[in-house]
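1. A structural model of the following input is requested.
(chains A and B)
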Protein chains: 2
Amino acid sequence: MPHINLSNDFPGIRSLFIYRPETAAPLNALVQTMLHNPHPTLSAGERELIATYVSRLNTCFYCCNIHGAIAKHQLGDNGELVQQVLADPETAPISQKMKALLKIAAKVQSGGKNVLSADVEFARNEGASDIEIHDTVLIAAAFCMYNRYVDGLATWQPDDDTMHDKMGEQRAREGYLTPPVKVELIE
Amino acid sequence: MPHINLSNDFPGIRSLFIYRPETAAPLNALVQTMLHNPHPTLSAGERELIATYVSRLNTCFYCCNIHGAIAKHQLGDNGELVQQVLADPETAPISQKMKALLKIAAKVQSGGKNVLSADVEFARNEGASDIEIHDTVLIAAAFCMYNRYVDGLATWQPDDDTMHDKMGEQRAREGYLTPPVKVELIE
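-> Here you go, the predicted structure:
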């Protein structure tokens, strides 16, 4: 049960967005810009993988499942690739550049100062650009916020893979700025 | 030296905002909404104290100094109160409600799931409202992002209390949406 009375039945961060529309607007604009809007080189699926991986490191069930489902739909994957990345990015069938960016993301998750020049140099040697390194750090940092926001208020997080998949499909197609389809969310 | 070439000499998060205006817009709108815009019950100074305290827990030198200076100016303090809160909120001359909210903020900093019903109940017994608890969790979570963003890219963080104070005075007066006054920032 949520720590405060949110007066709505939506799951996870959506319940908080409805409760507090003032802060929902910039929070939603941020995730749309980072993950869905066109990017010079990183696909939406690759950016969603970074968000999913950091959410798993923060043990945020809701964000990991939803963004994992969005990543799956963005990548045209059957779900296997996302699970392989979550299990171990090193052995997952992704580029060396993505592996290096996920290493930086994990450093950010454990604390900003843990990102060393050597980590950045390593990513650069694997072909990562400054913009890609910047956006990886920001996405990882932002999910340290979203995850804490969702879990810190103990939002309702239904354990229903079909629902995660439906929500993921909607977000992959529409982005983050449309309202959630209520019939898909409420059991 | 920053991990990537930011092509500007501004300090901390300002250098990142200039480098990547696409994400600067929602990041700036978020901090403006959380900390500067009118709030039903928490003063801007009280909200800046939460941001400052979390930044100290994350050992983010830049954010702790700047938001500490903003808090000082918002509270009409000579700086002593901010230092007392940073040293130990329990013995600082602040309300019992603020002490309870700072306890929740510290829990969020260490991980969202660490906020327990008992922490929320305790804050409520000290007079905290649901909106105050919500906003405390969000401010604490957001500074786990801002701090990681600033430190994860190793931004330039000048060690100059006079500059922190000038920047703090500007932000306390104008909020977050105006450009930084360059003459005040570059030594």
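2. Please list all residues in contact with A:Asp151.
-> Counting by Cβ atoms under 8 Å, 6 or more residues apart in numbering or on different chains, A:Asp151 makes contact with A:58, A:60, B:111-113, B:115. Every C-beta, even on glycine, is put in place using the N, C-alpha and C of the backbone.
3. Secondary structure element holding it?
-> Assigned by DSSP states H and E, A:Asp151 belongs to helix A:130-152.
4. Now do that helix against helix B:130-152: the angle between them, please.
-> Here helix A:130-152 runs at an angle of 150 degrees relative to helix B:130-152 (axes from the mean of the first three to the mean of the last three Cα atoms, to 10 degrees).
5. Output helix A:130-152 as CSV, nothing but the C-alphas.
-> Provided in CSV are the C-alpha atoms of helix A:130-152 (Å, rounded to 0.1, in the frame of the first residue of the first chain):
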residue,chain,number,x,y,z
ASP,A,130,30.9,12.4,-25.9
ILE,A,131,27.1,12.8,-26.4
GLU,A,132,26.6,9.0,-25.9
ILE,A,133,28.7,9.1,-22.7
HIS,A,134,26.8,12.2,-21.5
ASP,A,135,23.4,10.7,-22.2
THR,A,136,24.4,7.4,-20.5
VAL,A,137,25.4,9.2,-17.3
LEU,A,138,22.2,11.2,-17.4
ILE,A,139,19.9,8.3,-18.0
ALA,A,140,21.6,6.3,-15.3
ALA,A,141,21.4,9.2,-12.8
ALA,A,142,17.8,9.9,-13.7
PHE,A,143,16.8,6.3,-13.0
CYS,A,144,18.4,6.6,-9.6
MET,A,145,15.7,9.3,-9.1
TYR,A,146,12.7,7.6,-10.8
ASN,A,147,13.5,4.3,-8.9
ARG,A,148,13.7,6.0,-5.6
TYR,A,149,10.6,8.0,-6.2
VAL,A,150,8.6,4.9,-7.1
ASP,A,151,9.9,2.8,-4.2
GLY,A,152,10.3,5.6,-1.7
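6. Next SSE downstream of that helix?
-> Next along from helix A:130-152, by DSSP H and E: helix A:161-174.
7. Which strands and helices lie in contact with that following helix?
-> Counting contacts by 3 or more Cβ pairs under 8 Å, 6 or more residues apart in numbering or on different chains; DSSP states H and E, helix A:161-174 packs against helix A:61-75, helix A:182-185.
8. Contacts only, for the closest residue to A:Leu49 other than its chain neighbours.
-> Leaving aside its chain neighbours, A:Leu49 sits nearest to A:Ala71 (5.0 Å; criterion: Cβ to Cβ, 6 or more residues apart in numbering or on different chains). Shown in contact with A:Ala71 (Cβ under 8 Å, 6+ apart): A:45, A:48-49, A:51-52, A:77, A:82, A:168.
9. Go ahead and flag the most central residue of chain A.
-> Nearest to the geometric centre of chain A sits A:Ala51, at 2.8 Å (Cα atoms, centre = their mean).
10. For A:Val183, report the pLDDT, please.
-> With respect to pLDDT, A:Val183 has a value of 42.
11. what's the answer for A:Glu187, then?
-> 44.
12. One more: A:Arg47?
-> pLDDT at A:Arg47 comes out at 98.
13. I'd say it and A:His39 touch.
-> Yes. The pair formed by A:Arg47 and A:His39 meets the contact definition of Cβ atoms under 8 Å, at 6.8 Å.
14. Ignoring the adjacent residues along the chain, who's closest to A:Leu42?
-> A:Glu132 (5.9 Å).
15. cool, A:Ala51 as well?
-> Nearest non-adjacent residue to A:Ala51 (Cβ to Cβ, 6+ apart): A:His67, at 4.5 Å.
16. And for the one you found, the neighbour number?
-> Burial measure for A:His67: 30 neighbouring residues, criterion other Cβ atoms under 10 Å in any protein chain shown.
17. For it, give me its contacts.
-> A:35, A:48, A:51-52, A:55, A:168.
18. And it, how far from A:Ser110?
-> To A:Ser110, A:His67 is 19 Å away according to Cβ to Cβ, to the nearest Å.
19. before we move on, what about A:Leu153?
-> In terms of Cβ to Cβ, A:Leu153 sits 23 Å off from A:Ser110.
20. So which of these two has more stuff around it?
-> A:Leu153 (26 against 13).
21. Name the residues of stretch A:82-96 that are buried.
-> Of the residues in stretch A:82-96, A:82, A:85-86, A:89, A:92, A:94 count as buried by neighbour count, 16 or more other Cβ atoms under 10 Å in any protein chain shown.
22. one step back: and the residue nearest to the centre of chain A, which of the three is it?
-> Recorded secondary structure, A:Ala51: helix (DSSP: H, G, I helix; E, B strand; the rest coil).
23. residues in contact with it?
-> Shown in contact with A:Ala51 (Cβ under 8 Å, 6+ apart): A:34-35, A:63, A:67, A:71, A:139, A:142-143.
24. Same check on A:Gly76?
-> Here A:Gly76 is in contact with A:Gly45 (criterion: Cβ under 8 Å, 6+ apart).
25. Likewise for A:Ala44?
-> A:Ala44 makes contact with A:35-36, A:74, A:172, according to Cβ under 8 Å, 6+ apart.
26. Return the closest of the residues you listed with respect to chain B.
-> Closest approach to chain B among the contacts of A:Ala44 (Cβ to the nearest Cβ): A:Leu35, at 10.9 Å.
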